[in-house]
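S.K.: Predicted model follows, preceded by the sequence.
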Amino acid sequence: MGIDKGSAAHVALPGLRTPAVGLDAPFEMLVACHERVHRSLDLLRRLQQHLLEYGPSAETVQASGDVLRYFDLAAPLHHQDEELHVFPPLLEGVDARLHAVVRRLQHDHRQMEVRWAAARVVLLAIATPPVSPAAPLNMEQTTTLDSFAALYEQHIVDEEALVYPAAQAALGADEVAAMSLDMAQRRGVR
């Protein structure tokens with residue numbers, strides 16, 4: 001049985017399929033990044049299930065490598081986008097509720113870095129051939145991966161339902177254009 005990685009038409013990273021969104025629409029790109037986060041976390045869950053049912057294989061090596069690439073490369077840029085462009089205008093505003101949510105989201109980013117470091121160790125062991133026929137995952141490794149994935153769920157909901165709309169309303173056209181330019185430059189896009 002294979003580890004299905006999705007079936008959308010455009011490929012963002014090897015093994016991860018997602019619709020194309022341009023940097024000229026930065027908030028739409030942030031939402032598209034969340035879609036890729038969901039797909040990567042779903043792949044992580046399927047990887048764990050596959051390991052439990054079938055054990056290590058070439059497919060688990062590939063899937064773990066795909067998850068590693070996404071969270072090593074794209075996720076840090078996404079968090080930088082939010083820290084640099086989305087959160088500051090909300091913290092400058094007077095809405096105490098938004099301040100509290102943004103502060104929690106910033107804390108989440110720090111926790112995601114810590115949890116990713118631990119999850120990364122587990123995934124590197126899976127992604128690094130030769131594949132061992134040993135037990136697929138122990139309870140501690142499973143907890144590490146689950147803890148990392150769980151942190152994203154409410155985080156994304158709060159960003160899309162509350163923070164992104166508020167930031168879009170707070171930013172003028174020039175600020176959105178500067179955000180687009182910065183996002184492109186940090187990704188090496190002209």
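M.R.: Nice, thanks for sending it over. Numbers count the residues shown, from 1 in each chain.

S.K.: ok, how many other residues are close to residue 169?
M.R.: By other C-beta atoms under 10 Å, 10 other residues sit near residue 169. (Glycine included, C-beta is placed from N, CA and C.)

S.K.: Residue 186 too?
M.R.: Counted with other C-beta under 10 Å, the neighbours of residue 186 add up to 14.

S.K.: which SSE is the closest residue to it other than its chain neighbours in?
M.R.: In this structure, residue 186 finds its nearest non-sequential neighbour in residue 77, 6.1 Å apart by C-beta to C-beta, 6 or more residues apart in numbering. With elements taken from DSSP states H and E, the one containing residue 77 is helix 75-81.

S.K.: Could you list the low-pLDDT ranges of this protein?
M.R.: Applying pLDDT under 70 to the chain flags the ranges 1-22, 130-135.

S.K.: so how far is residue 74 from the closest residue to residue 61 other than its chain neighbours?
M.R.: The shortest distance from residue 61 to any residue other than its chain neighbours is 5.5 Å, reached at residue 127 (C-beta to C-beta, 6+ apart). Distance, residue 127 to residue 74, by C-beta to C-beta, to the nearest Å: 17 Å.

S.K.: try residue 160
M.R.: Using C-beta to C-beta, residue 160 is found at 17 Å from residue 74.

S.K.: of the two, who's got more company?
M.R.: Comparing residue 160 with residue 74 by other C-beta under 10 Å, the one with more neighbours is residue 74, at 18 against 14.

S.K.: and residue 144, how many residues sit next to it?
M.R.: As a burial measure, residue 144 scores 20 neighbours (other C-beta under 10 Å).

S.K.: Contacts only, for it.
M.R.: 115, 118, 119, 121, 122 (C-beta atoms under 8 Å, 6 or more residues apart in numbering).

S.K.: could you say which helix or strand contains it?
M.R.: helix 139-158.
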